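*Asks:* The following comprises the amino acid sequence and a computationally predicted model.
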Amino acid sequence: MEIINGGICAAQGFTAGGIHCGIRKNKTKKDLSLIFSEKRAATAAVYTTNLVKGAPLVVTKNHIADGFAQAVICNSGNANTCNANGIEIAEGMSKLVAEAMNIREDDVVVASTGVIGQPLDIEPIKKGMESLKNSLGNNSLDAAEGIMTTDTVVKEIAVSFEIGGKECKIGGIAKGSGMIHPNMATMLVFITTDCAISPEMLKKALSTDIKNTFNMVSVDGDTSTNDMVTVLANGMAGNKEITCDGEDFNTFMKALNTITVHLCRMIAGDGEGATKLLECQVNGAKTEDIAKTVAKSVICSSLTKAAMFGADANWGRVLCAIGYSGADVDVTKIDVSFISAKGEILVCKNGAGVEFSEEKAKEILLEKEIVTKIELNDGEAKATAWGCDLTYEYVKINGDYRT
């Protein structure tokens, strides 16, 4: 397996583009993206667990009920959520793509991101459709820019892998910066592959993978309304279609996981106002559920996140988060270490503090990527979660996000 260039355009048969059509006031910001496959593609998606769901999610779920799609349209600047005519607008976006690309309306995945509760005017999208169609090409970065809101960096990745002697490629783009919490977040993720895999196995691959990737990311504890991860597989690599478990499916799962973990880390590291990517590694749990519960509790702890912002080795906050997590752990067995490019330092042994150099700890915690390693010493299960520090800038961004 090899990391390659191209993002969502790396796989055969996929093109993408992005433009500014006028949804966002800032004309330098792209606000409309399109991904297109030459052939109908097996398609799977997972959605936010929030009971309040954006209209695009409702429409998309209906469209891909048969397991196939051919295009993805996504706007930024407006979530099209809690609007009386939201479904009508989302269906209208599908119709515009279908007419422009000469495909079926129900072969279009629709997504929106931005402010909730403000009407979305379809006119800018209608007027921009020709330009959007003309923007299609090897333009994964443009499409990635078009789905960004408060993101500060473009998020894309692609890898190549081999199945049955055929080279396959898989790539993804994502947006996500704030309103990010386990069980999906304010994230949109679009993944494309030319690997041949049935809709059923694609759905199984995605639903299995997100349990250990996107559902283990938290920035601020808020689960958004428009989150969606979508995978399209058009089969143009020419491998024998994956229709059951086995070596080929395992290879595909590994490639998919490489993409999703990379995007998870990028989303967490680009949390609103964030200065650091935080990773919590939990080892030695009795069960995987316990390991996940502990990891997510630590990553979600506002006090721990604030301590990481200040490069303060306040390991007591880590123990505190474990203690209220509800996980069945023996606190007297827990070890905690902090790790970065500057080294590793043990700060807690058997649930109690140990002597350590505050100066060395500070040096470690001043780095951009910090790992909190927790050894529960109670079993063999493990889990990893990702998040970011809590900064002054987060409050500033969200204090006037709408106005």
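*Replies:* Structure received.
*Asks:* residues contacting Lys203?
*Replies:* By CB atoms under 8 Å, 6 or more residues apart in numbering, the contact set of Lys203 is Ala44, Gly67. C-beta: built from backbone N, CA, C; applies to glycine.
*Asks:* separation between it and Gln70?
*Replies:* 17 Å (CB to CB, to the nearest Å).
*Asks:* Checking my notes, Val347 in a helix, right?
*Replies:* No: assignment of Val347 by DSSP: H, G, I helix; E, B strand; the rest coil gives strand, placing it outside any helix.
*Asks:* in stretch 302-312, what counts as buried?
*Replies:* Neighbour-count burial for stretch 302-312, counted by 16 or more other CB atoms under 10 Å, picks out Thr304, Lys305, Ala307, Met308, Phe309, Ala311.
*Asks:* Kindly list the main-chain dihedrals of the second one?
*Replies:* Here the main-chain torsion angles of Lys305 (degrees, to the nearest 10) amount to phi -60, psi -40.
*Asks:* for the top helix by length along the chain, packing partners?
*Replies:* The longest helix of the chain (DSSP state H) is helix 247-269. The contact analysis (3 or more CB pairs under 8 Å, 6 or more residues apart in numbering; DSSP states H and E) places helix 247-269 against strand 155-163, strand 166-175, strand 188-193, helix 199-209, strand 277-285, strand 381-388.
*Asks:* got the angle for the fourth one vs helix 247-269?
*Replies:* Meaning helix 199-209. 40 degrees (axes from the mean of the first three to the mean of the last three CA atoms, to 10 degrees).
*Asks:* Please apply the same query to the shortest one.
*Replies:* Computed by the same axes, to 10 degrees, the angle separating strand 188-193 from helix 247-269 equals 150 degrees.
*Asks:* strands paired with strand 188-193, and their directions?
*Replies:* Strand 188-193 pairs in its sheet with strand 166-175 (antiparallel), strand 228-233 (parallel), by DSSP bridges.
*Asks:* Mind checking the pLDDT average for it?
*Replies:* Average pLDDT, strand 188-193: 96.
*Asks:* Strand 155-163 and that strand, what's the angle between them?
*Replies:* Inter-element angle recorded for strand 188-193 and strand 155-163: 30 degrees (by the same axes, to 10 degrees).
*Asks:* C-alpha coordinates for strand 188-193, PDB please?
*Replies:* Coordinates of each C-alpha in strand 188-193 appear next as PDB, following Å, rounded to 0.1, in the frame of the first residue of the first chain:
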ATOM      1  CA  LEU A 188     -18.500  15.600   5.800                       C
ATOM      2  CA  VAL A 189     -16.300  12.900   4.300                       C
ATOM      3  CA  PHE A 190     -16.400  11.800   0.700                       C
ATOM      4  CA  ILE A 191     -14.400   8.700  -0.400                       C
ATOM      5  CA  THR A 192     -14.000   7.400  -3.900                       C
ATOM      6  CA  THR A 193     -12.500   4.100  -5.100                       C
END
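*Asks:* How about residues contacting that strand?
*Replies:* Outside strand 188-193, the residues that touch it by CB under 8 Å, 6+ apart are 8-11, 14, 35, 37, 41, 72, 74, 111, 113, 143, 147, 168-176, 214, 226-234, 237, 255-256, 259-260, 263.
*Asks:* Quick check on those: which are buried?
*Replies:* Using 16+ other CB under 10 Å, the buried members of the contacts of strand 188-193 are 8-11, 14, 35, 37, 41, 72, 74, 111, 113, 143, 147, 168-176, 214, 226-234, 237, 255-256, 259-260, 263.
*Asks:* Below-threshold pLDDT in the stretch 251-400 of the chain: ranges please.
*Replies:* Low-confidence segments of the stretch 251-400 of the chain, defined by pLDDT under 70, span residues 271-273, 397-398, 400.
*Asks:* Return the longest strand in this protein, judged by number of residues.
*Replies:* Identified as the longest strand of the chain according to DSSP state E is strand 32-47.
*Asks:* Can you tell me what sits against the helix or strand following that strand?
*Replies:* Counting by DSSP states H and E, the element after strand 32-47 in chain order, helix or strand, is helix 55-63. Outside helix 55-63, the residues within contact range by CB under 8 Å, 6+ apart are 45, 47-48, 69, 80-81, 83, 86-87, 89-91, 93-94, 105-112, 226, 228, 230.
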